[in-house]
Structures are given as C-alpha cells and as structure tokens.
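> here you go, sequence then predicted model.
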Amino acid sequence: MDAIVAVQAQAASSPARFHPGFAGGGIFDGGKLCCIRTTCPKSWRSACKGLKTADCRKKHCTTVLAPDGAVCDVSPCVQGLCWLGVCMGGGLPTCPSHQEECMQYKCNPKTGQCRESCPKPNGTPCKGGTCQCGKCKPDPHTCPPNPDRCSIYVFNNATAQCGLVNATCALPPDACKQLSCNPRTGLCTVVTNKPDNTTCPGGTCQGGQCKPEPVCPATCPTHPNACKAFACNAITGRCSIVVDKCPAVCPAHPNACKERECDLATGRCSIVVDKCPPVCPAHPNACKERKCNLATGRCSIVVDKPDNTTCPDGTCQAGSCRPPRCPSPCPSNPNSCKAFACNTTTAQCSIVVNKPNNSSCPGGTCQGGNCQPTCPTCPTNPDACKLFACNVTTAQCTTVENRPDGTLCPIGQCLNGVCMPDLICPPNPDPCQRYQLTPNGTACTLVTDPDGTLCSDRHRCTTNDTCQAGKCTGTPVTCPARAREFQQCVQSVRDEATGGCVDVQAPDGTNCTDGSLCTTGDACVAGQCRGTPVVCNLHANPCKSVVQHQ
C-alpha cells in the first residue's frame, strides 16, 4: 500500500496536559487551559432588572484574554497556542516515542494520558525497511533521513521514489500574521509578520499591522505660484509633490518650420524643435514612402510600402513594383483530360487546354481532351474465321471482324470470314474487291462491293471508310486547332501509329506574333516565336536618343 501520509504540524501536548509556550500557560478554567474567560460578580443576575441575559452579562461581567502564544487545550490530548483569544493548533497529539520503532503511544481522550501502545501505520519508514503490523520489515526502498521535524520523506510505491512532504500550518486570525512550523519541535509555534505591502482587509500589512492605504484627494489644491502645481504622493496620500506647470498649448514659433515644446524642469515653453510638414511629399518610387524624422523635422526617412499595395505595373513586393503573376502551379481542372494554363494578361489561370493524348484518366486515356475508355482483351470467337474486336466508343467487345483470308480453319482456310476447302484464292487486291470461290468451290472469281459498302482502308488517320468504284476511301481526320494565342508554334497533327492527335513543333518560318512591339518579322524557330529587335534611327540632336516603347 502507498505510504504517502499527509504531514500536519502538531499542537503542543503532553501527558501532564501542560506544555509551556513562549508566553506561558493559558487560563485554567473548567479543568482545561483556555484562551478566554468571562468573570461575573455573584450578584450580577439580581442587577439585571429586566435586561436580557446576554446584555446583562456584557454589562456586569469582565472578559479576560490569555496572552498571545499561551498554551491552550484544543482537546484533552491536543494542545495549541492562544492568538487573539482563539486556541490555534490541531492535528495529532504528541506522545513520547515508543521503545519499539514500529509501535507508538496513543493518547486516551478521556484521561489525556499516552499509555496505549498501537502499531504505526503500515509503510511507516523504519531502520532498513518499513513498518508492517507493528514490525520493521526489510525494504530495499529506504528513504533518506528527514531533514527536520517539519519535513519527512515518504516512499511512493506507485513511482518507487521517496518524496519530501512539508508540514502545513493553520492560518492565524490576524491577516498580517503567519504561523509556521518550528523545525526543532515540529510544532506550529513560530508566529511572524507577513511581508510589508501584503494585501489585508481594507489596506496593506505594514510591520505586522493592517493599515489602510493612503488616498490622495481627487483634485489637489492650487499652488500659489501659477507656474507650479501640487501632485499626489502615493506613499503618504498627500498632495506634497510640487511640479512645474506649462501652458496647455505652447505659443507658435515665429519660424513656421519650428515649434515650441514644454520644458518640464522649468515649466516654460523653452524647447524649440524642427517641425515636419503635415504630409510628406511622395517618393518617386511608387512602392516607397517618406516619413518624418522628428529629430530633424525633415521627411528624410524612406520606408517600403506594405506588400500587395497597388502600383502602376502591378503590386508592391519588398519595395519594388512587380507585374502580376499567376500562381505556380495552376490549380487542377475538374475535367481529368483538361488543364488550366496561365493568362499572363490577367495573371489568372483562366486558359483551358487539352492534356496530351494518351495521358492517363479514370478508366482510360485522354484523346482530344476527352477520356476514352480502354478496351479489355477480347475473348475468342467460336467461329474459326471470325474474331471479336473492341468498340472504342463503348469499350465493349461487340464488333465482329473477319479473320485474314488464308487463316487456317477446320476444313481448310478462311475466305471472307468463311471456312473454305483448301482451294486458296489469291489475296484481295483491295478491301472493296475480293476473290471468292464459285459455288462448287473449284474456281475463284473477283467480286467488287457496291459503292457505299463499309470498309477499312487500314489507315488510322481516316474515318467513315466506304467503297467507291472498287476502292476503299476514307475521310481524313482533322485534329482540333491549338490555342494560337499562347502556343502559336505548336501544331496538333494525327499520329498514324496511334490514330490520336499529338503536338509537334510548327515548321521553322511559320508566321507568329511574340506580343512585343519592339520586334519585327516574328516567326517560329525550334517551337518558339521569335522576332528581330527593331533598331531605332539616330536622333538629329546628338544629345538625344530614340528608344522603342513597348
């Protein structure tokens, strides 16, 4: 069990029921030492003549207080000290030490005698261990010796450490006194004054007495000297401090760039200082401003304007005017195949561009700014001369195509999606012309599909392929135009390998505009729009020059 025990300063007590204090014993009354006693004459009741008992007692009886510090009985087993008629003290009675270190004497509250032997609380430190059931049991956790009788070491089983516990004393009734433990006796018998200026009811403590705080009048009286004034002395509460008095407003100085100030030492407006203008002139740098130097009266201090202050070319940043800039990077576009780009004119990410083809998007890849689903691996068609192909629009294996002619099949080879005997016709010259066996399968005849028949010219860069006069013809696919304002030297063309649109550099020499008025002959070079700087002619006046303004 934990051995943490609260330590309380014990009042003086003894088997003899009298322990002299520093001012002697209290008043013996009714078999015990008291701090107050009321003495009445024998005939006090007959002299009351109708008065209330309490009033009569107060009128005819005398109350006597024991001296402060006199020993008094808190109970038959506990003694304390008198203070202003109150018996101060408490805690446990002080009995003599027992000859066995884990036993203790207990005071009998009826007799006030310390004759009963009882075991000390389990966990009480003893030599080499702790007390358990009145016996000293070895304990490896032995605390060091107590420094004095007002502080003891107690072992904490929870933390496995010895903690020093200090005694606490009750507060005396006097607000400017304090009661502390005597380290030699372990009793609360040391009465001292509280520090000066400690707050007490109605004032502060001074020399152990509660004295009201000095209060100056709301308005000090007028000084007989018009240039002097009385001021409050907070220590004494009197208007005893004399100070020089200046006028509320000093008269104007004859020099408009000077002004007078009050000299508190003399009470006169004899100090002359430089005066700054009401508003300092503007600084030539729009992102800086002048401040008044009070020491010189001149607007000689230059400071940076706050960041983000508006200036002609944008906003102020660290004292310089800088053009607006887009955030880097631009925020994400909610469309997974679109991206925001910076508009340098507005400094906002307001331009929307397509992400490169074949960029990943949820469930597929980007194609022309749209997310196209990715087809799965199609299953095998049960027809040996047919195969399932992916429908890129639905990403489903719903398209059925013929296997190439000559593909082996159970009875021979595939011809136009039909398994034919081993007679092999020559390859079809065109997707709209095909050889087919005669009904008896003994010869091959060339058949031309009607105009408008759907076909495939095997080119990924054409669409809507149909037969026209025996030839499979498709419409070339046109890639969407690029945003020319910021990507004039990039073109979108169809990739024959993938069928998608890819970005490539425009041919060198392609016309473009670099947005600068100081260049001419703008043209694309290695994917960048570049121009030749304009050279200004010499000015007729040799002391002047001509520059190009953008």
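Received, thanks.
> right, and Gly207 touches Thr198 too?
No: using CB atoms under 8 Å, Gly207 is not in contact with Thr198, being 11.4 Å away. In short, each C-beta sits where N, CA and C put it, glycine included.
> so which of those two has more stuff around it?
Neighbours were counted for Gly207 and for Thr198 using other CB atoms under 10 Å; Thr198 has more, 14 against 8.
> ok, which stretches of the stretch 401-550 of the chain are strands?
408-409, 412-415, 418-420, 433-437, 444-448, 462-468, 471-476, 490-494, 501-505, 519-525, 528-533 (DSSP state E, counting those that start in this stretch).
> deepest-packed of these, please.
Among the strands of the stretch 401-550 of the chain, strand 412-415 has the highest mean neighbour count (mean count of other CB atoms under 10 Å), at a mean of 20.
> from the contact counts, what lies against it?
Applying 3 or more CB pairs under 8 Å, 6 or more residues apart in numbering; DSSP states H and E, we find strand 412-415 packed against strand 418-420, strand 433-437.
> run through who's touching the longest one.
For strand 433-437, contacts defined as CB atoms under 8 Å, 6 or more residues apart in numbering pick out 405, 415-416, 420-421, 423, 425-428, 443-449, 470.
> and Gly163, what does it touch?
Gly163 neighbours (CB under 8 Å, 6+ apart): 4, 153-156.
> give me the domain ranges for this structure.
Structural domains of the chain, as assigned by automatic domain parsing, span the residue ranges 27-188, 288-322, 338-373.
> which residues does Thr62 form a beta bridge with?
Bridge pairing for Thr62 (DSSP bridges) gives the partners Thr39.
> relative to Gly509, how far out is it?
Per CB to CB, to the nearest Å, Thr62 is found 129 Å from Gly509.
> could you do Leu446 as well?
Where Gly509 is concerned, Leu446 sits at a distance of 49 Å (CB to CB).
> Leu187 is in contact with Leu179, isn't it?
No: counting by CB under 8 Å, Leu187 sits too far from Leu179 to count as a contact (10.2 Å).
> the more surrounded of these two?
Leu187 (25 against 20).
> show me where the stretch 51-200 of the chain dips below the pLDDT cut-off.
Along the stretch 51-200 of the chain, segments meeting pLDDT under 70 span 90-92, 140-141, 160.
> any idea where the strands of it begin and end?
Using DSSP E, counting those that start in this stretch, strands in the stretch 51-200 of the chain cover 62-65, 71-75, 78-83, 86-88, 103-107, 114-119, 125-126, 129-132, 135-138, 151-156, 161-166, 177-182, 187-193, 199-200.
> tilt between the fifth one and strand 71-75?
Orientation of strand 103-107 against strand 71-75 (axes from the mean of the first three to the mean of the last three CA atoms, to 10 degrees) gives an angle of 90 degrees.
> how about strand 103-107, which residues are buried there?
By 16 or more other CB atoms under 10 Å, the buried positions in strand 103-107 come out as 104-105, 107.
> before we move on, the earlier item: buried subset of the contacts of Gly163 as a ChimeraX selection?
In ChimeraX, selecting the buried portion of those, with burial taken from 16+ other CB under 10 Å, looks like this:
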select :153,154,155
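> would JSON lines of the contacts of Gly163 with distance to Cys35 be doable?
Shown next, in JSON lines, are these (distance: CB to CB, whole Å):
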{"residue": "Ile4", "distance to Cys35": "34"}
{"residue": "Tyr153", "distance to Cys35": "35"}
{"residue": "Val154", "distance to Cys35": "34"}
{"residue": "Phe155", "distance to Cys35": "39"}
{"residue": "Asn156", "distance to Cys35": "39"}
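> going by distance to Gln488, which of the contacts of Gly163 wins?
Asn156 (81.8 Å; CB to CB).
> what is the closest one paired to in the beta sheet?
Beta-bridge partners, per DSSP bridges, of Asn156: Gln161.
> adjust the sequence numbering to begin at 7 for everything that follows.
Done: numbering now begins at 7, and the last item shifts to Asn162.
> I'd say it and Val171 touch.
No: counting by CB under 8 Å, Val171 is not a contact partner of Asn162; they are 10.2 Å apart.
> ok, Arg304 - contacts?
Neighbour list for Arg304: 280, 282, 298 [criterion: CB under 8 Å, 6+ apart].
> contacting residues around the spatially closest residue to the first one that is not a sequence neighbour?
Closest residue in space to Asp280, ignoring its immediate chain neighbours: Gly303 at 2.1 Å, by CB to CB, 6 or more residues apart in numbering. The neighbours of Gly303, taking CB under 8 Å, 6+ apart as the test, are 263-264, 279-282.
> again, only this time at 7 Å
Residues near Gly303 by CB atoms under 7 Å, 6 or more residues apart in numbering: 263, 279-282.
> same question, Ala512
Contacts for Ala512 (CB under 7 Å, 6+ apart) come out as 495-497, 530.
> and those as a markdown table, adding pLDDT and distance to Arg466?
Listed next are the contacts of Ala512 as a markdown table, based on pLDDT from 0 to 100; distance: CB to CB, whole Å:
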| residue | pLDDT | distance to Arg466 |
| --- | --- | --- |
| Cys495 | 86 | 26 |
| Val496 | 83 | 22 |
| Gln497 | 81 | 18 |
| Cys530 | 91 | 27 |
